[in-house]
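Chemist: Below are the sequence and a predicted model; questions follow.
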Amino acid sequence: MTRSQIIISISGLLLVILLFSLPKVVVDNDEDRIDNSEEDIHSEENRDDPQLKASIQSLKDSLSISTETEKSAIFADSLAESYRALNHFDSVALVYEESFKKSSQPEMLKKAADAYFEAYTFAVEDNKRKSMADQAKKYYAEILKKNSGDLEAKTNLGMLYVGTENPMQGIGLLREVLESDPSNYGALYNMGILSLQSNQVSKAIERFEDLVEAYPESSEGRFYLGLSYLQAGENEKARTQFEIVKETDSDPSVQATVDTYLEEIE
């Protein structure tokens, strides 16, 4: 990420965001809805693991025949985590979706919505992203219909709408969250990112300053506050934030990137 100039653009910002997220993977869409995702390349060695396959099949069988809500939830969680470990994010979502349809439990509805949001986040192919986003929006809307005060659901729904042809609907939802909870982490963070993407640097600084004030331990917040200060030409303030991140976040990729920005400031 070495650059001769510090320029915050949408594409450049997305590269930085990758530092604080898991590796993106392609999510396939085969006829058999569960367990047909395309794995991350690092999961190749697990694909032919008989023990792993047997464990997943056992969990699927147990989940399909279970009639006890509590046991079904345990099987669903275990199966979902097995798929997540293989980066089968759409299969995680489908496990929870089918568990919700079977049990009508509110917690399964929330897990299905969150899992579809996760699958949307990691999908690369446009039609897959749209499919995952549509399912997540449907379930978040259902959650909010039952509980309009679920701010996490409203925040995620807002971010899903930001990526559509009607982004202001999403911005409006994020603003509603901040009206209800001015220190809401998700809303402040995402509004800050969106402000950076649209080159509204002063607003980005305001959002990330609020976030860091409320959550001083957030290395993500401090990192993006540093970027915002840097974009605004406030180099010493940027240096302070980057140095705090360097002291508190041991991730090698974060360390290397912070070093790059600190070198730019020199």
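Modeler: Received, thanks. Quantities reported herein were computed from a predicted structural model and do not represent experimental measurements.

Chemist: Just the helices from the chain, written as ranges.
Modeler: 10-17, 44-47, 50-65, 69-85, 89-103, 106-122, 126-146, 151-162, 167-180, 185-197, 201-214, 219-231, 235-248, 252-265 (DSSP state H).

Chemist: And the average pLDDT for the third one is what?
Modeler: Across helix 50-65, pLDDT averages out at 83.

Chemist: Also the fifth one?
Modeler: Here helix 89-103 scores 94 as its mean pLDDT.

Chemist: just checking, what packs against that helix?
Modeler: helix 69-85, helix 106-122, helix 126-146 (3 or more Cβ pairs under 8 Å, 6 or more residues apart in numbering; DSSP states H and E). From N, CA and C alone the C-beta is placed, and that goes for glycine too.

Chemist: can you do 10 Å?
Modeler: helix 50-65, helix 69-85, helix 106-122, helix 126-146 (3 or more Cβ pairs under 10 Å, 6 or more residues apart in numbering; DSSP states H and E).

Chemist: between those, which gets nearest to residue 239?
Modeler: Closest to residue 239 of the helices and strands packed on helix 89-103, according to Cβ to Cβ: helix 106-122, at 31.2 Å.

Chemist: How much space separates the residue lying closest to residue 120 once chain neighbours are set aside from residue 87?
Modeler: Computed as Cβ to Cβ, 6 or more residues apart in numbering, the closest residue to residue 120 that is not its neighbour in sequence is residue 132, at 3.8 Å. To residue 87, residue 132 is 14 Å away according to Cβ to Cβ, to the nearest Å.

Chemist: and what of residue 130?
Modeler: 20 Å.

Chemist: Looking at those two, which one has more neighbours?
Modeler: Comparing residue 130 with residue 87 by other Cβ atoms under 10 Å, the one with more neighbours is residue 87, at 23 against 14.

Chemist: Let me see the backbone angles for that one.
Modeler: phi 60, psi 30 (degrees, to the nearest 10).

Chemist: doesn't residue 122 make contact with it?
Modeler: Yes - using Cβ atoms under 10 Å, residue 87 is in contact with residue 122, at 7.4 Å.

Chemist: highest average neighbour count across the helices and strands packed on helix 89-103?
Modeler: Of the helices and strands packed on helix 89-103, the one with the most neighbours on average (mean count of other Cβ atoms under 10 Å) is helix 106-122, at a mean of 22.

Chemist: For that helix, name the packing helices and strands.
Modeler: helix 69-85, helix 89-103, helix 126-146, helix 151-162.

Chemist: got the CA positions of stretch 141-151 in PDB?
Modeler: C-alpha atoms of stretch 141-151 as PDB (Å, rounded to 0.1, in the frame of the first residue of the first chain):
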ATOM      1  CA  ALA A 141     -36.900  -5.700   7.900                       C
ATOM      2  CA  GLU A 142     -38.800  -8.500   9.600                       C
ATOM      3  CA  ILE A 143     -36.700  -8.000  12.800                       C
ATOM      4  CA  LEU A 144     -37.400  -4.300  12.800                       C
ATOM      5  CA  LYS A 145     -41.100  -4.900  12.300                       C
ATOM      6  CA  LYS A 146     -41.100  -6.800  15.500                       C
ATOM      7  CA  ASN A 147     -38.600  -4.600  17.300                       C
ATOM      8  CA  SER A 148     -38.000  -1.200  15.900                       C
ATOM      9  CA  GLY A 149     -35.400  -0.600  18.600                       C
ATOM     10  CA  ASP A 150     -32.900  -3.100  17.400                       C
ATOM     11  CA  LEU A 151     -30.200  -0.600  16.400                       C
END
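
Chemist: For that stretch, which outside residues touch it?
Modeler: Contacts to stretch 141-151, defined as Cβ atoms under 10 Å, 6 or more residues apart in numbering, come from residues 100, 106, 109-110, 112-114, 140, 152-154, 156-157, 160, 173, 176-178, 180-181, 184-187.
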